[in-house]
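1. Dropping a prediction and its sequence here:
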4 protein chains.
Amino acid sequence: MAITGVMRPGHCQLRVLDLDASITFYRDVMGLQFMGRDGRDRAFFKCLDERDHHSLILRQADRAGMDFYGFKVRDAATLARLDSDLRAYGISTERIPEGDLPETGERVRFQAPTGHQFELYWRKTDVGNHLGCRNPEAIIEGRKGISPVRLDHWQIHGADLDGSRDLFCDVLGFSLVERILGEDGKQDMAVWLTCSAKAHDIAFVRDERNDTLHHASYLLETWEQVLKAADVMTVHRVSIDIGPLRHGITRGTTIYAFDPSGNRFETFCGGYDFYPDMQPTVWTWDEVGRAIFYHTRELNERFLTVVT
Amino acid sequence: MAITGVMRPGHCQLRVLDLDASITFYRDVMGLQFMGRDGRDRAFFKCLDERDHHSLILRQADRAGMDFYGFKVRDAATLARLDSDLRAYGISTERIPEGDLPETGERVRFQAPTGHQFELYWRKTDVGNHLGCRNPEAIIEGRKGISPVRLDHWQIHGADLDGSRDLFCDVLGFSLVERILGEDGKQDMAVWLTCSAKAHDIAFVRDERNDTLHHASYLLETWEQVLKAADVMTVHRVSIDIGPLRHGITRGTTIYAFDPSGNRFETFCGGYDFYPDMQPTVWTWDEVGRAIFYHTRELNERFLTVVT
Amino acid sequence: MAITGVMRPGHCQLRVLDLDASITFYRDVMGLQFMGRDGRDRAFFKCLDERDHHSLILRQADRAGMDFYGFKVRDAATLARLDSDLRAYGISTERIPEGDLPETGERVRFQAPTGHQFELYWRKTDVGNHLGCRNPEAIIEGRKGISPVRLDHWQIHGADLDGSRDLFCDVLGFSLVERILGEDGKQDMAVWLTCSAKAHDIAFVRDERNDTLHHASYLLETWEQVLKAADVMTVHRVSIDIGPLRHGITRGTTIYAFDPSGNRFETFCGGYDFYPDMQPTVWTWDEVGRAIFYHTRELNERFLTVVT
Amino acid sequence: MAITGVMRPGHCQLRVLDLDASITFYRDVMGLQFMGRDGRDRAFFKCLDERDHHSLILRQADRAGMDFYGFKVRDAATLARLDSDLRAYGISTERIPEGDLPETGERVRFQAPTGHQFELYWRKTDVGNHLGCRNPEAIIEGRKGISPVRLDHWQIHGADLDGSRDLFCDVLGFSLVERILGEDGKQDMAVWLTCSAKAHDIAFVRDERNDTLHHASYLLETWEQVLKAADVMTVHRVSIDIGPLRHGITRGTTIYAFDPSGNRFETFCGGYDFYPDMQPTVWTWDEVGRAIFYHTRELNERFLTVVT
């Protein structure tokens, strides 16, 4: 009871064009903890305050984008049940054995209607967050760069938004938190879904470009940390898409920027808590600018067009 | 799946010595929204950003303290199941009919081993948070006083801490987030439990004084709002127990203060997110000062002795 | 000694196209204190935390812009001396008698080489900041809208930047804090000057359009207040030019927006303290984007072209 | 004009009981920049954002306290004039030659009526603040520990408060910003004075213990930095006197704590700007608690009794 089923975004594998340069970027500018690389051109990172072994995998590739998106589920029984539920719903699943990702147990992989590869897993080694679990300090000293708290959520694009939305809500137990309706006032153009009490654990946007990534989002603790993130981005000449500003959707504050391979990421703070007894918030198409960027009240071209 | 079972603290009924003075205090100093009073010497309040009809009931009485603590559960089926589970566990339950509290459905009442009256319910009228659910603004204008976001959690005292802890964890699906061990290194002196991803939805402290309230906690959005709360308390000469400062436990920031009847309340911000796959944090007795008050690193006498 | 001569920007008279609508805007959205209007189509405002009778005068007119810019000087002797110094420097001055502005003493008016009307005065009635000077509270309760702390500075445009800069530095005792050099690496394109320890009390920009206003700036206390200002602007659909973001110059954080008449204003926070023994900061033309907008690192067209 | 005469607190020489341990403390916990030590058991520090060569001198000694307090004045002519003015006022002065402090010009030393050694100087090498004066970044990366912006002010104690107050106001050009009156409603028990637009550059408290230090204060940028300072103090088990909280006087936010030798220091943020045309704020003796500690509204014994 309470938190069951799918718990949270746990890891994702991002394609980068230059692994060495990307390791430097994610370690020194993003301020993630570098957990090492393996023999398969992959590097592993976690946020300092995350406890599981890694939440970000970088893979050297010749085009940017995300290979897969992994959610951690409550336990082994949940994994088995969700695998079964997915298959019963008509979704093919594949078992990826323990050890394919280091310190990570068996994963259940499936493709969503929007073309993205998702996976569920329940076990990853708890390596701790530098504070320990016995008489810990309340802050982690020596944080560098942007240093987010955790991988927070993803926004991803594909044509069959309805299919992915229904799959996540009906099979995986997600709740609809906010939606943007199209000009017809009926069709969802974008949906924000949660599997916990966060304002979103994933967002889907209707877009002909299947299996594309709009951004991976990292959580910051305060609006002052959002400012510091923008400052750090400028010191390191990181390409900023937009921000700092507030979203209408979720009410969170944000900066969007690009990693050296052109993958967009977000440094995000806030967002209200959502419980499944709450009504979803609905945005109509004429208010989409204010929904996304509460202060500018209009979308920018780059935000709409660039995905990887 | 995801958020199921018990969702969150939903309402509580607080005894106050002077109802009119208390209405003034909770409306103008705490900055809650006054929802009216009934013919039974009760007044109803919600935080501006809460959507359900009320989260605080004040009742005129000749001594301070809390009458009962209510948790909102996911739905009718959950209410029925938990009622049955409680009885199967050996806890007597009582059904309080719809309408006993305004805009609130049937409640299942039971007494915990620490002597407190708890209740579960699944239905309370959604009256909205002033923003609406269609193209809302991102802020509520005209907020006055401390103006917290929501009722967040309670800390309550009683002798049979083990009994209440086990009831909440084994029957109601709560997770143990943090604990303080006694001098023997074995017995829990205090436990922090969550039914969601919050650092705590309730805390129990071992204390011979059964059925007592240490504090009801209200959530603020930022550390700057915590400062403003302390300023507002001084302008209105509210008795402050301690703060602003940080907790070691939960890492939240806090002020403790007293309402005009001597009931302690907390204005709280932050606290890390907890998922049930995370190890609980354990504090040993020699570090209890830093656990509770991270900056002073010692407990104050008043904090330890005053309960209502 | 210490603070002598010219102390600070004290008042300015802004032309507005609709006085009633502007009174509503400056009172309810900007959150200034309305001090009344006179029989000459003028309205008077102060920030709640300012002590002098008014710092903003609105005047009904058929085009936007600023009529004059007033600095408060230390005392009567200073006023006489600066009047004399200005004339000795070759600047004509005019005495405007006490009472032309309410609660304000005699003013010395002169035109700067960039075409702007400036004035010096030393007396304006101290009406207090709502806290009193005996056992005051530390906060002003009931603040509405953006509610800045004070009129902070102005940025104004004209052709003979060198002339105005020299007048302010050589006669009025201002210090050069920052400058942007033109493409030739020699000529000042913009200068930031202070008469106190602020990062700027006035800025001049080289621009063929003499006697024009780029913006009047209002001070906020924190970056969180800057966010709130942006939120309030959106709630009231105020036209935002850019922000929230940080300046490279002064390091302050900012939002630029427009009042209902099209006059740009700034809500500003921070900026380092400058003392006259410090070296000025120099920006070269290729870094002008980052100098002005530290995060976007590029100027926007509207920011460059719109003046009133 | 504008800022003239005495500009600001520039340096002070603090006695410490263990120089090596103190160097570690001021470098790693306070986060000051260590500028080296000399052959006379002295170590030199500056804040990262300060530009002059040093603002803190530590001297190994067998008792704690402050040797002298140095103010930087505008220029050589000011130094000569103030020297002459002091002697005309009946204060003996001594010239300490250039080079006695590294990178520092000649100093004029005198004893104030409260027994403290003060000095004036106008020249100290500008070594920069890590950002440079040409196209600088807006933040200094890699800050460690508390990392204040600058030495801000001192609070010092002595019997002849009236004498020191008058000397500073009448000869050195300071303004009275706030005062606490004694029980008789006439005598100053404490005064806050400024030589700039800060809420205080120095405070004198009436106390029989002449030539004593209550605290040296370091400026922080935000209330969030005050919280971080408290966290850093706990991580390093620094002895905290009180805080975080707000002052009634100046409205600044604060923490008081002790260095390893028992010298109290303050990490301070905020405080309103004061101009010499503003009325001083007066506190009566019955409100002294709220004046000093706005939230607790009462003084603590340690704060009153411990000086060095």
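-> Yes, it's here. Numbering: from 1, shown residues only, chains lettered A, B, ... in the order given.
2. When you work out contacts or count neighbours from here on, use the C-alpha atoms and nothing else.
-> Will do.
3. I figured A:Thr78 hits A:Gly5, correct?
-> Yes. Using CA atoms under 8 Å, A:Thr78 is in contact with A:Gly5, at 5.9 Å.
4. What is the neighbour count of A:His130?
-> By the measure other CA atoms under 10 Å in any protein chain shown, the count of residues near A:His130 is 15.
5. if we can go back for a sec, more neighbours: which of A:Thr78 and A:Gly5?
-> A count of neighbours by other CA under 10 Å puts A:Gly5 above the other of A:Thr78 and A:Gly5, at 26 against 18.
6. for chain B, what are the nearby residues on the stretch 1-150 of chain A?
-> Within the stretch 1-150 of chain A, the positions near chain B by CA under 8 Å from any CA of the partner chain are A:1-7, A:51, A:74, A:133-138.
7. just the residues you listed now: which is nearest chain C?
-> Chain C has its nearest neighbour among the residues of the stretch 1-150 of chain A next to chain B in A:Ala138, at 23.2 Å by CA to the nearest CA.
8. got a list of contacts for stretch A:74-82?
-> Stretch A:74-82 is contacted by residues A:3-7, A:73, A:108, A:120-123, A:171-172, B:276-277 when judged by CA atoms under 8 Å, 6 or more residues apart in numbering or on different chains.
9. okay, who's weakest in these by pLDDT?
-> Across the set of these, A:Ile3 stands lowest in pLDDT, at 79.
10. Paired strands for the helix or strand hosting that residue, with orientation please.
-> Per DSSP states H and E, A:Ile3 falls inside strand A:2-4. Take DSSP bridges as the rule and strand A:2-4 pairs in its sheet with strand B:2-4 (antiparallel).
11. Is any residue of the helix or strand just after the partner strand near chain A?
-> Of the helices and strands lying after strand B:2-4 in sequence (DSSP H and E), the nearest is strand B:6-16. Yes. With CA under 8 Å from any CA as the criterion, chain A is reached by strand B:6-16 at B:Val6, B:Met7.
12. ok, the residue located most distally from the centre of chain A - contacts?
-> For chain A, the largest distance from the centre (CA atoms, centre = their mean) belongs to A:Asn135, which lies 31.0 Å off. The contact partners of A:Asn135, taken as CA under 8 Å, 6+ apart, are B:Thr281, B:Val282, B:Trp283, B:Thr284, B:Glu287, B:Ala291.
13. Looks like the fourth one contacts B:Asp184 (just checking).
-> Looking back up the chat, that one is B:Thr284. No. Between B:Thr284 and B:Asp184 there is no contact under CA under 8 Å: 9.2 Å.
14. Which one of these two is surrounded by more residues?
-> Between B:Thr284 and B:Asp184, counting by other CA under 10 Å, B:Thr284 is the more crowded of the two (19 against 9).
15. Which residue, other than its chain neighbours, is closest to the more buried one?
-> The shortest distance from B:Thr284 to any non-neighbouring residue, by CA to CA, 6 or more residues apart in numbering or on different chains, is to B:Leu181 (5.2 Å).
16. How about the contacts made by the one you found?
-> The neighbours of B:Leu181, taking CA under 8 Å, 6+ apart as the test, are B:Gln187, B:Asp188, B:Met189, B:Ala190, B:Val282, B:Trp283, B:Thr284, B:Trp285.
17. what does chain A put close to chain C?
-> Taking CA under 8 Å from any CA as the contact definition, chain A meets chain C at A:223-224, A:227, A:230-231, A:233-234, A:240, A:242-245, A:294-297.
18. Next step: those restricted to strands.
-> Taking DSSP state E as the definition of strands, the residues of chain A next to chain C contribute A:Ile240, A:Ile242, A:Gly243, A:Pro244, A:Leu245.
19. Just the buried ones among the residues you listed, please.
-> Among these, those buried by neighbour count (16 or more other CA atoms under 10 Å in any protein chain shown) are A:Ile240, A:Ile242, A:Gly243, A:Pro244, A:Leu245.
20. can you put these in a markdown table and add pLDDT and distance to A:Ser217?
-> Output for these, formatted as a markdown table (pLDDT from 0 to 100; distance: CA to CA, whole Å):
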| residue | pLDDT | distance to A:Ser217 |
| --- | --- | --- |
| A:Ile240 | 97 | 14 |
| A:Ile242 | 96 | 14 |
| A:Gly243 | 94 | 14 |
| A:Pro244 | 98 | 14 |
| A:Leu245 | 97 | 15 |
